[in-house]
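Participant: Got a predicted structure plus its sequence, pasted below:
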Amino acid sequence: MPKTKQSQRRKKFDYNKNRKKLKKKAQKKYNPRIENDQIRNAWDKNKSMARNLQDMGLAFDPNKSLPIKKQKLIGKDSAAKAPVGIVTKPYVLSKMEEEASLPEKDTKTLSSDLIEYVQYMIREHKDNYKAMARDEKNYYQDTPKQIKRKINEYKRCHPEHFNSFMNSLVKASEPMEQ
């Protein structure tokens with residue numbers, strides 16, 4: 001049987017391939033970056049992934065750790081339990097549980113332009129959203145509902161800032177004693 005033309009031809013160097021990029025790609029595949037600090041610190045490169053996770057008390061295969069119970073007849077009673085390995089690094093699991101129990105911070109914020117816009121509208125029109133919609137500073141022609149939504153977003157994202165702003169409005173509206 002004759003050989004293909006490709007196999008008979010001698011190998012030529014491909015100048016179009018970026019060897020540095022290929023090497024980095026292979027290294028990333030072989031040693032992936034572990035995002036979790038606790039797992040990364042407890043990871044042993046000499047062990048397999050399944051063995052590492054088992055030592056930390058984590059599941060490699062969820063189907064084996066939480067098996068699906070099969071339908072059984074009423075007369076037969078035999079409890080099938082998942083194989084449990086010895087956890088040699090329980091501190092990883094406890095640190096991950098602590099980290100998960102911490103409340104998540106709301107990192108959403110508003111732009112300074114939007115905050116100034118909302119403050120201007122409240123300062124000029126109080127709670128009159130229709131007047132806000134007709135205001136000349138309403139450049140984007142927001143409807144009353146859109147303006148109300150923006151004000152509520154400001155209240156939710158910056159509650160302390162909003163309260164101090166409202167208090168300053170109340171103090172400014174009171175007549176000064178002389």
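Facilitator: Nice, I can see it.
Participant: can you count the residues close to residue 118?
Facilitator: 22 (other Cβ atoms under 10 Å). Just so you know, the C-beta spots here come from the backbone N, C-alpha and C atoms, and that holds for glycine as well.
Participant: quick one, what contacts it?
Facilitator: 150, 151, 154 (Cβ atoms under 8 Å, 6 or more residues apart in numbering).
Participant: Select only the buried ones of these in ChimeraX?
Facilitator: Selecting only the buried entries of the contacts of residue 118 in ChimeraX, with 16 or more other Cβ atoms under 10 Å as the criterion:
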select :150,151,154
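Participant: Next step: the contacts of residue 118 restricted to helices.
Facilitator: When those are checked against helices (DSSP state H), the matches are 150, 151, 154.
Participant: Please dump the contacts of residue 118 into JSON lines; it should also carry distance to residue 3 and pLDDT for every row.
Facilitator: JSON lines is the format used below for the contacts of residue 118 (distance: Cβ to Cβ, whole Å; pLDDT from 0 to 100):
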{"residue": "150", "distance to residue 3": "73", "pLDDT": "96"}
{"residue": "151", "distance to residue 3": "77", "pLDDT": "97"}
{"residue": "154", "distance to residue 3": "75", "pLDDT": "95"}
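Participant: List just the nearest of the contacts of residue 118 to residue 112.
Facilitator: residue 154 (11.6 Å; Cβ to Cβ).
Participant: Would you agree that closest one is in contact with residue 163?
Facilitator: No - counting by Cβ atoms under 8 Å, residue 154 stays clear of residue 163, with 11.4 Å between them.
Participant: Quick one: the helices in this structure, in order.
Facilitator: Going by DSSP H, the chain shows helices at 5-8, 19-30, 37-42, 49-56, 62-65, 90-101, 112-125, 129-134, 144-157, 159-173.
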